[in-house]
Each structure stands twice: as C-alpha cells, then as structure tokens.
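J.: sequence first, predicted model second:
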Amino acid sequence: MIKLESAHIEEVRGIRKLDIDFQKGTFVISGPNGSGKSGVIDAIEFALTGQIGRLAGRGTRGLSVAEHGPHVDKIKFPDASFVELRVFLPDIGKSATITRKVSSPKKIKIAPATEDIKAALAEITDHPEITLSRREILRFILVEPTKRSEEIQTILKLDEIGETRSALNAAQNKLQNARVNATAQEQSSLSTLQLHLQITALNAADLLEAINARRKILELEVIADLTPDTKLDAGLLAAGNATEFNRKSALRDLTALSDAATGFPDLGRKQADAILTDLEKLEADPALLAALQRRSFIEKGIELVDGPACPLCDTLWEDEQHLRDHLKAKLTKSEEARKIQQALLNNGAAISQEIIRVTGLLALVQKLASIQGDAAFAALLISWKASLDTLKTKLATVDGLTGLKTRLTGGWLETPAAFTKSLKTLTENIQAKPDQTATLDAQTFLTTAQLRLDDYKEAVRKSKSAEVAWTCAKAVYDAYCTVLEHELNALYEAVQQDFSTFYRAINEDDENKFTAKLTPSEGKLDFDVNFYERGLFPPGAYHSEGHQDSMGVCLYLALMKRLFGDQFTIALLDDVVMSVDSGHRYEFCKLLKTHFPHTQFIITTHDRLWAAQLKAAGLVTAKTSLAFHGWTIDTGPLVESNQEIWGEIESALEKGNVEAAAAALRHHLEFVSHLLADQLGANVQFRADGNYELGDLLPSVLARMKDIYGKAAAAAQSWGIDKDKQLATTAKESLSAAAGASNVEQWAVNKAVHYNAWANFGKKDFAPVAAAFRALLGCFRCQGCESWIYVTPRVTPESLRCGCNTVNFNLKAKPK
Amino acid sequence: MATLQEQIAESFLANLSESKTIDAEKIDQLRTLLATSKKPKPEDFVKIFTLPAGGDLK
C-alpha cells in the first residue's frame, strides 16, 4: 500500500487548482459545508483507483466520472482535469508520482515506472474501500442481514471467493448430471447384455456358462477365465462366419421393446405431471414466470461477464464488479423462482433417464430392422430416437422445459403411429424365419454377445469415469466449503473482537463492557451488540444514532485491519469523524493513534472545533492541517492562508486596514476561546441557545487555566516534585502577565468594546493589542507540537497535556 | 501478506492433500488454476476433475 506525500489537483470536481503537502502523515481538512473538502477526497480516490465513490453505487444513476469528474466549467475539456499524486511505497521504500486524467480514467502515468512500483500501485487500484464517506458508514449497521453480508463481503473481497465456490458447485452439478446419465446408460447396456445372454445377474461364471455352451457347439476352445482381453467370439472371426443376426436374441430384443411399450403411456407420468403443475403455476403468475426467465437469462449473463460491459444489453458499468453485484442482487430476489427451477430440472432429469432406457431398446430393434431390410421401420426408429434425444436436451434446461407443455400433456414419448404395427410386422417376419441351425445360432449368439459386452464395458468405463469425476468434484467442493466456513468464522470472530475493542476504546466511560456478535449464516450476517449488559440486540434497537455512527466507523476500521493487516497504510475518511459524538472525540483520536500508528488518515470535517481537537490530541499538527473558509465556482476552495491568523493580521495592518485585522483577531479569539473552554472544561455560564459570546468564554478559560496550574503546582508539591511545581508556577505567572498585558478581562467583559470600535484605531494602536493576544494565546499551546493543551480525563481531570506530551502536568495530589 | 483468498486457497489445498481423496496431479492443477485465475469458470474445474479418465473393467 501507499502513503501520500503531496497532491496537485486541477479542474477536478469543485477544485480549480490546489496543492497539498500531506507529509506522509495523518492530515485534516476542515471547512464549512460546500467548501470543497470532499472534492479533495474525490480527487485522491480518483488518482489512486480511477473511480470516484460518490459517483457510483446506489442513487447515482446518471452520474459518471467522465461527465461529472471535471470541474463544471471543464466538462467539455476533460483533458484539463487531472490529479498528480506524489506517493511513498513503504514496502519497497520508494516514492513515485502518479498522474491520472479524467479524460482517460483507466490510464495512469507512473514515474518512475519500474515494475515494483507499478505492482505496488496496481494493488491499491483494486481497493476503492480505502475511502469511507459519512453516508456509507451505516451500510454496515442498519441494514438487513442479507444486505450487510453483501456489503461486508464486498469490502473484504469475499465475493471473489463466493464466485469460486459457485463455480465449484456448478462443476459439481454438471458432473452429477453426467454421472446420472452415465449410470442410466450403463444400466441400459447391462439390460441388453443380460437379455441376450439370458442371465439374471451379470457375473463371470454365468456369462462364461452361456458363452461356452455355444463355443462347444462350434468346437471352439472353452474360455476358462474372463479377463479384460477376453474375446467371447475368439476363433469365430478367423473362420469368416461372423454375422450380427441371432434369431432368438432378436426375438428377445423385440419382446423387450414390446413389453416396454405397454408401459409407455404411463412412463414418467408422475414427473411430467409435476412439471406441468409447475408450468401452470408459472402461467398463473406472470411475475414468477418473468423472474424465472430472468433468472435463467441472468445466470447465463453472469457466466458471460468478462469486463464492465453487460453481455446482455451492452450497458457500460463503472467496473466489472458493479455489474456482477447488480446481476447477483437480481438472482437473490427470485428465491421462489429458484425453487421451481430446481424442481423442474429434477423432474426433467428423471424423465431423461427413462429416455436413455427407451432409446437403448430402440437402438437394438433399429439395428434388427436394418439387417432385415425394413428400411421404413429403421428410419422411423432413427427419427424417433433423434426426437427423444432432442427432448432429453430440452429437459435439461428451464428454457427447454417451458416449451414442452404440449408434449408433456399429450404423452412426451410421442410414440409414432406406425410403431406398434411396424414392430409387430418385424417380429412376425423374424418369427417366420426358420430356426437357425444350432451352429449359426451359436455363431450369432457369440458375435452379438461380444458386441454387447463391448458396449457394456464402454458404458461402465464412462460411468466409472463420471463417478470418479463427480466424487472428485464433490470432495473438492465440500473441502472448499469447509475451509471457507472455518476461515470466515475465524475472520468474523476476529472482526467482532476488533470492533468491540475499538468501540470500547471510544466509549470507555460508559460502555467499557461492550461486546458484539457477528453471526454468519447462509447468505446472511446477523449483527448484535451488547446494550449496557442487558443482552445482545441489533444496533438500531436501543443505541442512539450517534453511537450507531460510531459503530459504523469502528466496524469499518475492524474490517480494514482484517483486510489489509500491516498494509493498512491509508484511509480517506470523508466527514466520517463527525459521527463520533463530541464527548468521545479524544478517545477516538487515541484509538487511531494507538491501534493504527502506521496508517495515514486523510480526514475531512466541517467542524472546525473537531479539526482543532485532532490537533490537540496530537493526531495532526499545524503543518498537516488545512482549512477552507469558503468556495466559489470560479476559485474553488478558499484556503485559509494562515490558520494562526497572525500573519494575516500583520498583513492587514501593513496595508493600514485595521478593521480587517480587528475582525480577524476577533474571529480567531472566538474560535480559540470556544475550543479551550471545551478542552479545559471551563466553568462557563450555560446558555440554552448555545450562542456563547467571547465575553462568556475567555474569562472563564483564563480562570480555569489559572486554577489548573494551581492544582498542578499543588499536586507536584504533594509528590515532592519541585521541578514540576516550579514549571506550573511559572506557567501560571506567565499566563497572568499575558492576561494583564492584553487587558483581556476588562476588554472581554465589556460588550461596548468590540471590533467595530477598533475600526477607529490606527495601526500603531492596534498592533500592541494583537501582540498581547498572541502572547496570551501562546500560554495555551505547546511550543513543540503547537497543539492546544487539554485536560484528561475530561470529567475529573488528572493531567494537563499537549499532543506530544511535552506539556504533561499531573493534577492529582498524593493521597494524605 | 497473503490475501484472504490466498489464505483460503492454501488451507483448502492443504486439506485436500492431507485427505488423499484427490490425487496430487489434480491438486497441482487446482493450485495453478486458483493462482492464475481470480474467477475460474465451472468448465475449468470440470476439465480438471474429468482428467485422467477413470474406470477399468477387469
């Protein structure tokens, strides 16, 4: 996998031109809704995979990368829309530049294009799931079990495994059908051989007894043992007396067919009726019939899928997987149709076996008719046999069966009108022939016996081959299913454990005994979570929406960990962190830092406070943060040139624009006060409207900070740590001095003094004010990592820290 | 790191080898098929399972 070093984005989605330095680390992009944050995620995803998740999937019909990937003003010039990423490949320790244009999303330009770099980049192309957007997170949580199973199987690429299992199952079914037909053929050949030999069971002793009786008449050597090379008519061919017609045997064949014909009207009646019942059911329910026809159609289509173009209608899909998922979803919906399909095919197969038995008898008599010069009857039997073979083919498919209603109603054998009479005539003609001499009877008996034994041997060979092949296919399919079930159970168990661990890490204050259970079953994945130790329930049963969102993020992280393992080096979280409720944000940051230390998260959020908290928690720094303060169609995202505002203020003052400098300062003070009041747990007077003024916040923050430093000094003294006591005392003194210099308390509480009044100030009046506030705010941040300091835990603070732990004051005094 | 598919294929082939219900040649052919094709077709498997032809009437 990869890590991002930098990005250059031009004319993609809402972005005109933007450069970002990711520094291979976790990065946060903040800004109000509609400021272009998700456009950055789209651009990165596009560069890496050639796809944009927001333009694919549910509810995106009519959207495409080609048409909607470029900036709206560049729709007709997609060549101008491109993304260039500088990426680092940890596995091989190399960096590379990749460029992808919207005009040709499948093509990627790689520099340097060495084989190892190309191989590493090819891997990520296959993993669009590195992107998670807020709207997607609930797809794992609040969906029906079948859908969840699909979603999770897709994200874990289990669908490919499912396809292998399906192919093995289809192979097994095909070979089972072949085996059944081969067995029927073997039985048919056995019957004709036994009929000829006039033995009830085929064994070497009885066979040789029948054969040797004739060989003795012909004074041929008696056959003592039946071996694979034994020729029953050995010695006969050399004498040149071979003939295929044996009168007695012929009459037995004719009798066998005649006897069988008496049962023709009821042959396979039960199965034919069952097929007719199912066909009538389909006729009465056009929707069911349509589902069944569609099912056959789609099954055929899935077999033919070999790319993003639908083989059925030529529609071009986002990629092959989307097309396959679409077709599979249609198959899943037609469960009742599937049951009817199976019943139809089973009954069709039963009739096919009868056909094999009948055609075996017809073949014997057809040969007799030919030998006897009855060309018309021979032709009739050939034609009938061909018709039955065609019927057998139709019985093997649903499409074929649906066209057989008339034939199945009226007697599927369709015995030719002339059959009975012709059979009778042929029988009479053969009966009328004089008895063959004992010698001729023996000769023809041996010749026919050898022919039928050869046929039987071949049928047995084929049957055994079919049996071996089916046994092999079944063993392989069973083995695959066993391993698959075992591995999936292990996988789901690992995922549920990781998920529970992650969720507990975020909600350790109130759900520290949280557990979850993923239960896979046929085509489903049930998901239950523990609700305050009252039992396991579906996530939507009792947990709040905020908790459900958190579950979505945790399950995603658990799946990613399982899918990529050590290779989980990047994830694009588009407004996903908003799903974590405000009381658990630091815990979420801690989760990412401790459980995914080697993963680069590219995070977007519309909550500027959240972005600051990510910094305070040490997940990102000022250098790995970017803020958009707006967006226009002509400029794209408006980047805050200096988040620390001081450069902006200085610049405004240099231009003599005190009003702008004052506005910027006020805005920044409001933001930081809000943030610090939250992070330090300041005692702010509650307002139901949440509309806190600067004057409500900053004095409370100052008071709280002084109080905390006081507690830190007291705690250090109780433990006898003079150095920490001195540090805390000095910090408190510095804070007091800075507060005094800014005169902040007087200024902030006096609503009459606000930035509009500063507009009347000159540059020299305002510059010292700005400098004083800068010094004051400097007391609230680490000089090393530049993060805002915070207390932890939030409810009853035990320490004061920064993101890098350079600031780390213990607040808990030694027990007395 | 082996993918899940690769893990499953490896375990599956190892199980087949241990059970000895399938001859080694077929297992090798299955290994090759699963390694070279992400989406093997039923016919690919049928071809493996039907070779070599079995059956020998004594």
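T.: Arrived safely.

J.: count the neighbours of the residue nearest to B:Ala24 when sequence neighbours are not counted for me.
T.: Once its chain neighbours are removed from consideration, B:Ala24 has its nearest residue in B:Ser17; the separation is 7.4 Å (CB to CB, 6 or more residues apart in numbering or on different chains). To be clear about C-beta, it is placed using only N, CA and C from the backbone, and glycine gets the same treatment. For B:Ser17, the count of nearby residues is 14 (other CB atoms under 10 Å in any protein chain shown).

J.: quick one, phi psi at B:Ser17?
T.: For B:Ser17, the backbone dihedrals are phi -60, psi -40 (criterion: degrees, to the nearest 10).

J.: quick check: it vs A:Leu208, distance?
T.: 44 Å (CB to CB, to the nearest Å).

J.: please name the residues that touch residue 39.
T.: Reading this off chain A. Going by CB atoms under 8 Å, 6 or more residues apart in numbering or on different chains, A:Gly39 touches A:9, A:12-15, A:636-637.

J.: chain B, not that one
T.: Under the criterion of CB under 8 Å, 6+ apart, the neighbours of B:Lys39 are A:160, A:163-164, A:167.

J.: before we move on, what about A:Lys812?
T.: By CB under 8 Å, 6+ apart, the contact set of A:Lys812 is A:715, A:798-799.

J.: separate out the buried members of the residues you listed.
T.: Restricting the contacts of A:Lys812 to buried positions leaves A:715, A:799, with burial counted as 16 or more other CB atoms under 10 Å in any protein chain shown.

J.: okay, and which of the contacts of A:Lys812 map to helices?
T.: Filtering those for membership in helices, criterion DSSP state H, returns A:Ala715.

J.: what is the nearest of the contacts of A:Lys812 to chain B?
T.: Of all the contacts of A:Lys812, the one sitting nearest chain B is A:Ser799; the distance, using CB to the nearest CB, is 37.7 Å.

J.: what does the stretch 551-700 of chain A have sitting close to chain B?
T.: Counting by CB under 8 Å from any CB of the partner chain, the stretch 551-700 of chain A comes close to chain B at A:563-567.

J.: and the furthest pair within these?
T.: A:Leu563 and A:Asp566 (11.5 Å; CB to CB).

J.: tell me which of these two has more neighbours.
T.: Set side by side, A:Leu563 and A:Asp566 give different neighbour counts by other CB under 10 Å, the larger being at A:Leu563 (21 against 11).

J.: that's a helix at A:Leu518, yeah?
T.: No: A:Leu518 is assigned strand when assessed by DSSP: H, G, I helix; E, B strand; the rest coil, not a helix.

J.: closest point of the stretch 501-650 of chain A to chain B, which residue?
T.: For the stretch 501-650 of chain A, the residue positioned closest to chain B under CB to the nearest CB is A:Gly565, at a distance of 4.7 Å.

J.: residues in contact with A:Ile789?
T.: By CB under 8 Å, 6+ apart, the contact list for A:Ile789 reads A:616, A:679-680, A:780-782, A:800-802, A:807.

J.: where does it land on pLDDT?
T.: Among the per-residue scores, A:Ile789 shows a pLDDT of 89.

J.: equivalent analysis for A:Val749, please.
T.: The confidence metric pLDDT takes the value 41 at A:Val749.

J.: got it, and A:Leu121?
T.: Here, the pLDDT recorded for A:Leu121 equals 85.

J.: got a list of what it touches?
T.: Shown in contact with A:Leu121 (CB under 8 Å, 6+ apart): A:2, A:87, A:89, A:96, A:98, A:108, A:110.

J.: A:Ala261: which of those is nearest?
T.: Distance to A:Ala261, by CB to CB, is smallest for A:Ile108 among these, at 71.0 Å.

J.: with adjacent residues omitted, what lies nearest to the closest one?
T.: Using CB to CB, 6+ apart and skipping residues adjacent in sequence, the residue nearest A:Ile108 is A:Arg100, 5.2 Å away.

J.: thinking again about what came up before, just the ones in helices from the contacts of A:Ile789, please.
T.: Taking DSSP H as the definition of helices, these contribute A:616, A:679-680.

J.: pick out the lowest-pLDDT one from these.
T.: Lowest confidence among the ones in helices among the contacts of A:Ile789: A:Ala616, with 79.

J.: and the helix or strand hosting A:Ser718, what's buried?
T.: Secondary structure assignment for A:Ser718, by DSSP states H and E: helix A:694-719. Residues of helix A:694-719 classed as buried under the neighbour-count rule (16+ other CB under 10 Å) are A:694-702, A:704-706, A:708-709, A:711-713, A:715-717.

J.: so for it, mean pLDDT?
T.: Averaged over helix A:694-719, pLDDT sits at 92.

J.: what is it packed up against?
T.: On a contact count with 3 or more CB pairs under 8 Å, 6 or more residues apart in numbering or on different chains; DSSP states H and E, helix A:694-719 meets helix A:658-680, helix A:722-742, helix A:744-749, strand A:808-810.
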